[in-house]
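Asker: this one's structure only:
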């Protein structure tokens, strides 16, 4: 009956009929409290409407009512003790489309469904009369992007926010710092953003948060410590390295992680986090804590505890990658689950390595692979540590939700064979769109009370700009959005038919996408 993603419960409206969707549309708020939301919806709808007049405009009405929906599971990205009711009801009839909800957030989510209905019906020019009822399973539905390695301009981030909002994602996690770059200007440590480098000024960052908030998207900044710290070391020279395991420096090169037990290091990091927290409107700041290669377990745990304490002292709530669970977990802690050794999908023998040409081309040897398995062995217990400690798990498994995975060559249309070969992290096995779409967020046996939410990621080791990001995200991001909203994987045969009509929506928005041959695009 429709091509809405995420899927919504739909039934035919009575009496039966169809609504013409071509031509002009008017967005109307059914009360002054929703006027600003109506303006945002007009902006989201504009790329999908023809330029010239075509009869009297149809009307998209946004209103409030008192009918409540069951609250979602997890952590409220915008803060508060309980997640917001984002449920809505939508009706398509001869008068147009009407969206009703108990909260402004729910009204906005319903309006994004209406935008999808209009945009994906352009080929036929009509929609059957219908009624939809909808509410999310998980409260935190996020996307992480990586401007640290490949800078994205504020305008490009706004396009990503619009895309996220259209598919009911409500968190933009910005990986702002890494060995390759530091992308936020901080008054207390000006050397982090050198003249001529690309970065977000304080004004850029504030404006971006305001833009996101109008779409009910919360921005979560990540300052990745104690590892991934080359740019910080360059800006603040002389910080001592963390104590390292014996013999490691002679075998593998690495940037020494920070030692937060050192007074000068802790003072520098506290100054940085104080500036980040002061600039951030939302309640969360991500402290990284992943891949601290070159630190002893004791040093890493001390640093994680120090980072958490600093952020909490600044009235923000820390989020960290799953490795942080090794420093202990309390009920207020949120760990982002991304990997275990099995998920890394690495070979054990020379013959298995030969059968993985992407790893051979990337220079992986059995010695390097063995070192990786040893280093990541503790990840096998991180999920258990978080759950047993009473913390919350943010689901971002590398196996399905890392969208920098290369596309499999067999699914590339001829005109995109080069992109399929070029894009994606060379340590991952290339796979298709269906693989991501079949991810089940309920497959991890995590109690409901321990789930924070769901978040996709797209790291930037191997792309050159916005178009590459867009191709890596689309079409895979929308299946993650469906799983996060609905709490389950879609049925592929049915889902691919809905997905096939979204290529038109992305084209309207000038968003390049991977036209996988798994999907009958139209």
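Answerer: Alright, I've got the coordinates. If you're wondering where the values come from, they're calculated on a predicted model, not measured in any experiment. Numbers count the residues shown, from 1 in each chain.

Asker: Give me the contacts around stretch 513-522.
Answerer: 123, 407, 410-413, 416, 419-420, 432-434, 470-472, 474-475, 496-497, 499-501, 503-504, 506 (C-beta atoms under 8 Å, 6 or more residues apart in numbering). From N, CA and C alone the C-beta is placed, and that goes for glycine too.

Asker: what residues are up against the residue most central in space within the chain?
Answerer: The centre of the chain sits closest to residue 143, judged by C-alpha atoms, centre = their mean, with a distance of 0.7 Å. For residue 143, the contacting residues are 160, 164, 169, 171, 172, 173, 455, 456, 457, 458, 473, 477, by C-beta under 8 Å, 6+ apart.

Asker: Can you list which of those residues are found in helices?
Answerer: 160, 164, 473, 477 (DSSP state H).

Asker: Looking at those residues, which is nearest residue 239?
Answerer: If you rank the ones in helices among the contacts of residue 143 by distance to residue 239 using C-beta to C-beta, residue 160 comes first, at 33.3 Å.

Asker: isn't that closest one right next to residue 144, touching?
Answerer: No - here residue 160 does not reach residue 144: they are 10.7 Å apart, not a contact under C-beta atoms under 8 Å.

Asker: Residue 222: what secondary structure?
Answerer: Here residue 222 is recorded as strand under DSSP: H, G, I helix; E, B strand; the rest coil.

Asker: I'd assumed residue 171 was in contact with it.
Answerer: No - counting by C-beta under 8 Å, residue 222 sits too far from residue 171 to count as a contact (11.6 Å).

Asker: related to what we said a few turns ago, checking my notes, the residue nearest to the centre of the chain in a strand, right?
Answerer: Yes - when three-state DSSP is applied, residue 143 is found to be in a strand.

Asker: Could you measure from it over to residue 193?
Answerer: For residue 143, the distance to residue 193 (C-beta to C-beta, to the nearest Å) stands at 24 Å.

Asker: and what of residue 127?
Answerer: Taking C-beta to C-beta as the criterion, residue 127 is separated from residue 193 by 49 Å.

Asker: picking that back up, out of the contacts of residue 143, which is nearest to residue 290?
Answerer: Nearest to residue 290 among these, counting by C-beta to C-beta, is residue 457 at 11.1 Å.

Asker: Neighbours of the closest residue to the closest one other than its chain neighbours, how many?
Answerer: Closest residue to residue 457 apart from its sequence neighbours, by C-beta to C-beta, 6 or more residues apart in numbering: residue 144 at 4.1 Å. Neighbours of residue 144 under the rule other C-beta atoms under 10 Å: 23.

Asker: Tell me the confidence at residue 144?
Answerer: Note on residue 144: pLDDT of 98.

Asker: now residue 371
Answerer: With respect to pLDDT, residue 371 scores 87.

Asker: From here on, call the first residue 8.
Answerer: Let's use 8 as the start, then, which means that last one is residue 378.

Asker: Tell me if I am right that it is in a strand.
Answerer: No - judged by three-state DSSP, residue 378 forms no part of a strand; its state is helix.

Asker: ok, it to residue 393 distance?
Answerer: Taken as C-beta to C-beta, the span from residue 378 to residue 393 is 25 Å.

Asker: And residue 493, by the same measure?
Answerer: 24 Å.

Asker: quick one, which of the two is more surrounded?
Answerer: residue 393 (25 against 20).

Asker: so what's the closest residue to residue 207 other than its chain neighbours up against?
Answerer: Spatial nearest neighbour of residue 207, chain neighbours left out: residue 191 (5.2 Å); criterion: C-beta to C-beta, 6+ apart. Residue 191 makes contacts with 183, 184, 199, 200, 206, 207, 212, 228, 283, 286, as judged by C-beta under 8 Å, 6+ apart.

Asker: so what's the first one up against?
Answerer: Contacts of residue 183 were listed using C-beta under 8 Å, 6+ apart, and they are 154, 155, 189, 190, 191, 207, 228, 229, 230.

Asker: And residue 491, by the same measure?
Answerer: Here residue 491 is in contact with 13, 143, 144, 145, 148, 176, 448, 460, 461 (criterion: C-beta under 8 Å, 6+ apart).

Asker: Then residue 48?
Answerer: Here residue 48 is in contact with 34, 67, 69, 115, 118, 119, 121, 122 (C-beta under 8 Å, 6+ apart).

Asker: switch to 7 Å and redo it
Answerer: Counting by C-beta atoms under 7 Å, 6 or more residues apart in numbering, residue 48 touches 34, 69, 118, 122.

Asker: And for residue 348?
Answerer: 380, 383, 384, 386, 387.

Asker: now the third one: how far from residue 162?
Answerer: Spelled out, it's residue 384. Counting by C-beta to C-beta - residue 384 and residue 162 are separated by 43 Å.

Asker: Quick one: list the elements packing against the helix or strand residue 112 falls within.
Answerer: Using DSSP states H and E, residue 112 falls within helix 111-127. On a contact count with 3 or more C-beta pairs under 7 Å, 6 or more residues apart in numbering; DSSP states H and E, helix 111-127 meets helix 42-52, strand 65-71, strand 95-100, strand 103-108, helix 161-173, helix 509-515.

Asker: Nearest to residue 327, out of the ones you listed?
Answerer: Of the helices and strands packed on helix 111-127, nearest to residue 327 by C-beta to C-beta is helix 161-173, at 22.1 Å.
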